[in-house]
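Participant: Here is my input, please return the structure:
(3 chains)
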Amino acid sequence: MTETSSLPTTARAVVIGAGIVGNSLVGQLAQLGWTDLVLLDKGPLPNPGGSTGHASNFIFPVDHSKEMTQLTLDSVRQYREAGVFTESGGIEVARTPERMQELQRRMSSAKAWGIDDVSIVTPAEVKELVPFVDESVIVGGFYTKSVGIVDSLRFGTIMRERAQEQGALSVFANTEVLGIDVEHGRVSGIRTSRGDIATELVVVCCGVWSPKIARMAGATIPLTPAVHQMIDVGPVPHFKDTKGTIEFPIVRDMDTNMYERQDGSGLEIGSYAHRPILHEPEEIPSNEEAALSPTEFPFTERDFQQQMEDALELIPDVLNDESVGIKYAINGLLSLTPDGLPLLGETPEVKGLWSAAAVWVKEGPGVGRALAEWMTNGESEIDLQSSDIARFYECQRSKEHVKARAAEGFNKTYGIVHPAEQWDSNRRVRLSPFFSREQELGAVFFEAAAWERPQWYESNAPLLEEYGDRINRREAEWESRWWSPIINAEHLAMRDRAAIFDLTAFCIFDVVGPAALETVQQVSMRQMDVANGKVVYTPVLSPSGTFKSDLTVMRLGEQQFRVVTGGAHGMADLKWYADHAPADGSAQITDLTSAWTTLGLWGPRARDILASLTPDDVSHEGFPFGTCRTVEIDSLRVLASRISYVGELGWELYVPMEQGAKLWDLVWEAGEPHGVVPAGIGVYGTTGRLEKCYRAFGFELDADYNVVEAGMAWGKVKTPDFVGKAAHVEHRESEPAAVLCTLTVDDHTSADGTKRFMLGREPVLSKEGKPLVDAHGRRSYVTSAGAGPSIGKHILLSYLPPEHAVVGEELRVEFLGEHYPVTVACNDSTPVFDPENARVKA
Amino acid sequence: MKRVPITGGKMVLTPDEQAIETKHLGFTISPHEECGVEEAVRIVESQGGEVVVLTLGPPEAEEQLRECMALGADRAIHLVSGEEWDAQATASALVDAIRGEEPFDLIVLGNESADAGNYQVGIRVAYALGLPVVTGLKGLTVADGRARCEQEVATGRDVYDVALPAVITVKEGLNLPRYPSVPAKLRANRKPVDARPVERPAPKLEKLRLVVPEGSRKQAEILGEGAAAAPRVVEVMQQLGVA
Amino acid sequence: MSALVFLEGADELSLQALTLGESLGDVRAVRFDGPYAPAAWAKAIVDAAGDADIIGPGSDRGNEVLAHVAAQLDLPFAANVTEVRGNDVTRIRWGGTLQEEARIHSERKLLTAAPFAFAPSSSPLQAEVLSPSLDGSVTVVDQVAPDSGGKVSLADAKVVVSGGRGVGSSEGFAILEELAELLDGAVGCSRVVTSAGWRPHADQVGQTGTKVSPDLYIACGISGATQHIAGCKGAKKLLAINADREATIFAHADYAVVGDLHEILPAITAELRKARAV
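Facilitator: Below is the predicted model of the structure:
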């Protein structure tokens, strides 16, 4: 059949993929005033054959991730507005006590993220809601009234047609992308089976095909297609009189990794329980070759045996009926990523090439809106930091890594995932030069930015005896998981003597050249035009004055700045800097992460140790706080920077990677007479930091809160312009809607007498047990939690509405279904330990 | 019973042109035989007895044997060979297996397989066993040691009446096969499959290669979009003399 | 070289088989009167043929009689051939969506001619009537009239209004029924529709369903899977109505309307009524 219209020769943006994401995106871009948009799909419309077409289309809003929950809630709002949402309710059922505890955690997350129509229900109540469930196999459930199903294809059509009606969009189905042209690292055009389009913006919304499309431009979208099995059974006599598509709540049988939903007279059973079945994007058949849709693979029944047994056990009333047959069964394809989160934003490899991949139906419309805002304003209302495609290091984009983690993550889809849970697969990829020393010391390694990093050292176990009662022992298994009391012992040894830390996972990059100052000024809130040798800690703001990052910048020369930032977010920071460097190359940004290693040395004896190693002046006067300089240690020239994230006197010591082992040995040997201990990130990232009320990016600092609310608007606003300045000035002039406070737990005793310890992300409630909501509608929740061994208290950080942000205010925190009394200890950045910062400035 | 791929899209051949590329395809019971199994199960459900399902096929054909047993067959015999056999050799291998199952009342086959379409295996089996055969059934009644067989023809249905034991071949539409229930699936996994390796003799009708015929792509005349096309459609109907 | 051709009658497929026979050598055409008795007919053919090749039409009966012949002679039989080159033949598989090139390892060829693969023979037809011995052989004992409920049968209809997945439900066929009734036609459907239980199998058009040959075939919401095309390629004209501009069905269509069949069919029905009222 001949086409009625032909492809335009130019476009402002070309969106590839007409699934839920591509359609949502073009609709939102049009709404934000974009024109000359082109939407392509290699398949037919309205169902081009991607994962949207066979999605189960149900939405459970509650997730432990704030970002994912926000995207889902926004999606539900959009689905409802479009009239394609049917509320059915949904119940996650538990077969074990461990799962009941997890469901209590989900209650907490629901409250923390502002979802109130949730409740814990008894087996009898489950039976009442879903009469076909055998309540004797479950111990309870977590009911969410606002669970529902959506018509994702219809929604996509509505969004697409809206953009077409506005005259902003032309749509071409059955149009295959053959190539993406890149000039000077920037997208210049796209080649298709219908002709070429010159464009500077291409958005890959191609679901399971995304890696293949991105590769055409030389970029990576690290996801793998994976199988999710589904069967439809029917007709169910029980559903004979149901009207519409769904009348009974959807059941998630969490412990068997399955769900069951009524669909008309049938029942759909889906599973995430089978072995991970991963595919290559190149293996997916074309629309013509596929018997069904390209993403509906033949059902592999052998992978579904146990699931049939499990389903039979939970819903015998339906499934034991011999007249209820299996009418349809597929291995549906979906996208999995190494960390289970979407891949959103501009690819770090190619300017103008954006990714909107690994997005499920439940968050599709929200992602469409957020990405459209990001493309328009440089940021989105919902913070997408966890989903930013720029988050990966090179080694995390390899196929092997993606497959290993996707396979490991697949069975966690309904899993009970501890917040500190570590990955098993593909470890020991990035090893610091201290690694063998740490192994000898019994280090327990956690992963950070693919590095192996000691969380604590078993060799420090004798310290437990030394500190005895000062160390809180955790009684419950949940909080003891991925934790050791040794962390608290290392903390006290650091406060008493000194500790060394492996900080190799820092992301380090230099900004050099004539425009180096201008570049760092542009992205830093604080003054960067400082003397050589100064070290400045600064927030990095988004255009709207919220947090894009926080990091440390050393001025090493007139035209040289060294940026040091956390490993987890380092690659995104690098991209943010690169995006703000002048196009003429007058400021060059060089990633030095793998070139430099960092050893931290802190504690009251740190100066004695360093002084014994170097002839250089390391006195307080000779080497003041907030400065850096090169010192000689034995034959090494070491860049020493006097700052601290643990509230102690000490230095970060930087040497080229290959000299790291030598530095470790020298410091270790010099430290021994002073009682130095190796300390893990348990101290650096949690106990040491929290006693000083230092904020952490991704916990306290995100796009939901501004600098004033975070209590970090110290000093005057600098004169030079910087990203977010106007908004920041406005924030300073208005009253904050929330204040970041430090709280301590007054009583840890639970109903059964066990002492319980919060881990973070729990809702903070009024004394009466009511959620605290600020003027912007944000709920108060624990942003970070951890021990304060020096003050003998469990410390929590939380943003509170101003009326509650009062020192001495008594509040409650909900943890695993129980309320615990807490008290506000500080309502600004004053630390609970060493409030005068005497130690740091010793 | 024959295992066949579920096609529907464009046919793609393996590089050696000996088979359809099935890496993206699922497999099923050839449709006529699915009705045959259903019919046999219904007869046994109402009159008692046992349904044995027999196939000649690759090791993977066990999946389809299990499907048949999920439909209600009691046990299975699997003549295992990864090669494609011609109709004469297939019939001969089936007959060898059937002889070991005597006595029986009814041998049911599909009228022709969905893939090879040879239209002859059932008839050859009947001759080798010395039994009467009726083909292409869309209706069957078994009673008092006789089978009343209905064959669809342009003018309606021709009826045959044969004494048992007999061979019949059936067509899709004879019945609407049931969808197996979950318990039936689970039961099927526990039913016995007697797997016997068999050697393919030299073929008398030897497949040389497969060819995908060139499709005749027409250039359709577009009568319009949506409801607005209705007047033009009616015009065309009038031109064709059907309106 | 000679060939014996079994004719069902003077129908198109038999005449096509005759053409195939003629291409192989001297032809002797035979046919039967009396009740259909495939084994007995085959025996009579075997007796009459001597060592000639035996050819039949690619119809149900042609294939059945030739299979009996093959079983009686224990010789290979190639069903539905489209081409013969010495001992090699091309035959159809998968209802015509695939072809097989095969070699017959036998002196004699037993073949049926694939429907529409050969032009009908124009030679004056002088078929010899054979008289089979019906002693004890299986034969037709009764006939049942088609059960069409007084409606036009699918196989005979001049217009077939056929629906696929796009119709959406059993109830969705009401608008197809209405149009078919108005056109004195029959309603058909694709295999997904019968699998979903929306229509009985008797309505299925396709490789494993009814093969139709109307003047106009209206395919509504049918994607155009090969298995379906195999059943409707006998139609003189095909009108496809589909929301998907690029649906495969359009490649087989003479006329196309793009859009939602749920809007288009009622509009056509209304337009027809209007045209007739004038």
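Participant: low-scoring stretches of chain B, by residue?
Facilitator: B:8-9, B:215-217 (pLDDT under 70).
Participant: How about the residues of it by chain A?
Facilitator: Applying CB under 8 Å from any CB of the partner chain, we find that chain B lies next to chain A at B:6-10, B:12, B:23-27, B:63, B:66, B:178-186, B:189, B:219-220, B:222. Where C-beta positions appear, they are placed from N, C-alpha and C, glycine not excepted.
Participant: So among those, which ones count as buried?
Facilitator: Among the residues of chain B next to chain A, those that count as buried by neighbour count (16 or more other CB atoms under 10 Å in any protein chain shown) are B:7-10, B:12, B:24-27, B:63, B:66, B:178-186, B:220, B:222.
Participant: Residue 60: what's it in contact with?
Facilitator: Chain wasn't specified; assuming chain A. Each residue near A:F60 by CB atoms under 8 Å, 6 or more residues apart in numbering or on different chains is listed here: A:G90, A:E92, A:T144, A:V147, A:I250, A:R252, A:K362.
Participant: look at chain B instead
Facilitator: Neighbours of B:E60 in contact, by CB under 8 Å, 6+ apart: B:R3, B:F27.
Participant: A:P801 too?
Facilitator: Contacts of A:P801 (CB under 8 Å, 6+ apart): A:A737, A:A738, A:V739, A:L772, A:V773, A:D774, A:A775, A:S780.
Participant: these two touch, right, C:P57 and C:L7?
Facilitator: Yes. Taking contacts as CB atoms under 8 Å, C:P57 lies within contact range of C:L7: 7.2 Å.
Participant: burial measure for A:K725, as a count.
Facilitator: Using other CB atoms under 10 Å in any protein chain shown, A:K725 is surrounded by 18 other residues.
Participant: what do you get for the one 4 residues further on?
Facilitator: A:V729: 11 surrounding residues under other CB under 10 Å.
Participant: wait, is it part of a strand?
Facilitator: No. Per DSSP: H, G, I helix; E, B strand; the rest coil, A:V729 lies outside any strand segment and is helix.
Participant: is it possible to export the contacts of A:P801 to a markdown table including secondary structure, distance to A:A356 and neighbour count?
Facilitator: Shown next, in a markdown table, are these (DSSP: H, G, I helix; E, B strand; the rest coil; distance: CB to CB, whole Å; neighbours: other CB atoms under 10 Å in any protein chain shown):
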| residue | secondary structure | distance to A:A356 | neighbour count |
| --- | --- | --- | --- |
| A:A737 | coil | 31 | 18 |
| A:A738 | coil | 31 | 26 |
| A:V739 | strand | 35 | 25 |
| A:L772 | coil | 34 | 22 |
| A:V773 | strand | 31 | 13 |
| A:D774 | coil | 31 | 21 |
| A:A775 | coil | 32 | 11 |
| A:S780 | coil | 32 | 25 |
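Participant: between these, which is closest to C:L110?
Facilitator: A:V773 (85.7 Å; CB to CB).
Participant: how close does that closest one get to chain C?
Facilitator: 45 Å (CB to the nearest CB, to the nearest Å).
Participant: repeat for A:I681
Facilitator: 55 Å.
Participant: Now do the residue of the stretch 251-400 of chain A at minimum distance from chain B against A:G234, distance only.
Facilitator: With CB to the nearest CB, the shortest gap between the stretch 251-400 of chain A and chain B falls at A:G325, namely 2.3 Å. Going from A:G325 to A:G234 by CB to CB, to the nearest Å gives 7 Å.
Participant: and if you look at B:L106?
Facilitator: Distance, B:L106 to A:G234, using CB to CB: 31 Å.
Participant: Enumerate every residue touching A:T627.
Facilitator: Residues in contact with A:T627 (CB under 8 Å, 6+ apart) are A:G533, A:K534, A:V535, A:S641, A:R642.
Participant: Touching, the first one and A:G626? I think so.
Facilitator: Pointing back at A:G533 there. No. Between A:G533 and A:G626 there is no contact under CB under 8 Å: 9.6 Å.
Participant: Taking chain B, what residue is nearest to chain A?
Facilitator: Across chain B, the shortest distance to chain A (CB to the nearest CB) belongs to B:Y179, at 2.3 Å.
Participant: ranges for the strands of the stretch 551-700 of chain A?
Facilitator: For the stretch 551-700 of chain A, the strands defined by DSSP state E, counting those that start in this stretch cover A:560-565, A:588-591, A:596-602, A:628-633, A:636-641, A:650-656, A:676-678.
Participant: Check which helices and strands the shortest one is in contact with.
Facilitator: Meaning strand A:676-678. Applying 3 or more CB pairs under 8 Å, 6 or more residues apart in numbering or on different chains; DSSP states H and E, we find strand A:676-678 packed against strand A:451-457, helix A:486-496, strand A:498-502.
Participant: what's the angle from the shortest one to strand A:451-457?
Facilitator: To tie it back to what came earlier, the one meant is strand A:498-502. 150 degrees (axes from the mean of the first three to the mean of the last three CA atoms, to 10 degrees).
Participant: Repeat that for the longest one.
Facilitator: When the same axes, to 10 degrees is applied, the directions of helix A:486-496 and strand A:451-457 differ by 80 degrees.
Participant: How is the chain partitioned into domains?
Facilitator: No chain in the question, so chain A it is. Chain A breaks down into these domains under automatic domain parsing: A:13-50+A:154-223+A:339-401, A:87-146+A:225-336.
Participant: try chain C instead
Facilitator: C:2-130, C:159-277.
Participant: which of the ones you listed has the lowest average pLDDT?
Facilitator: Comparing mean pLDDT across the domains of chain C, the lowest value falls on domain C:159-277: a mean of 88.
Participant: Please report how far A:S612 lies from A:V676.
Facilitator: According to CB to CB, A:S612 and A:V676 sit 11 Å apart.
Participant: B:P180 now?
Facilitator: B:P180 sits 70 Å away from A:V676, taking CB to CB as the criterion.
Participant: What is the neighbour count of B:V44?
Facilitator: 17.
Participant: Can you name the next helix or strand after the one helix or strand it maps to?
Facilitator: Following DSSP states H and E, one finds B:V44 within helix B:31-47. Next in sequence after helix B:31-47, counting helices and strands by DSSP H and E, comes strand B:52-57.
Participant: May I have the phi/psi pair for A:S286?
Facilitator: phi -70, psi 170 (degrees, to the nearest 10).
Participant: Now do the buried residues in stretch A:185-202.
Facilitator: Neighbour counts over stretch A:185-202 (16+ other CB under 10 Å) mark A:V187, A:G189, A:I190, A:T192, A:I197, A:T199, A:E200, A:L201, A:V202 as buried.
Participant: nearest to chain B, of those residues?
Facilitator: Using CB to the nearest CB, A:T192 is the member of the buried residues of stretch A:185-202 that sits closest to chain B, with 20.6 Å.
Participant: The closest one against A:T9, yeah?
Facilitator: No. Applying CB under 8 Å as the test, A:T192 and A:T9 come out as separate, 11.8 Å apart.
Participant: Can you name the residues that contact the residue most central in space within chain C?
Facilitator: In chain C, the residue lying closest to the centroid (CA atoms, centre = their mean) is C:K211, at 4.7 Å. Residues counted as contacts of C:K211 (CB under 8 Å, 6+ apart) are C:A155, C:V205, C:A230, C:G231, C:C232, C:G234.
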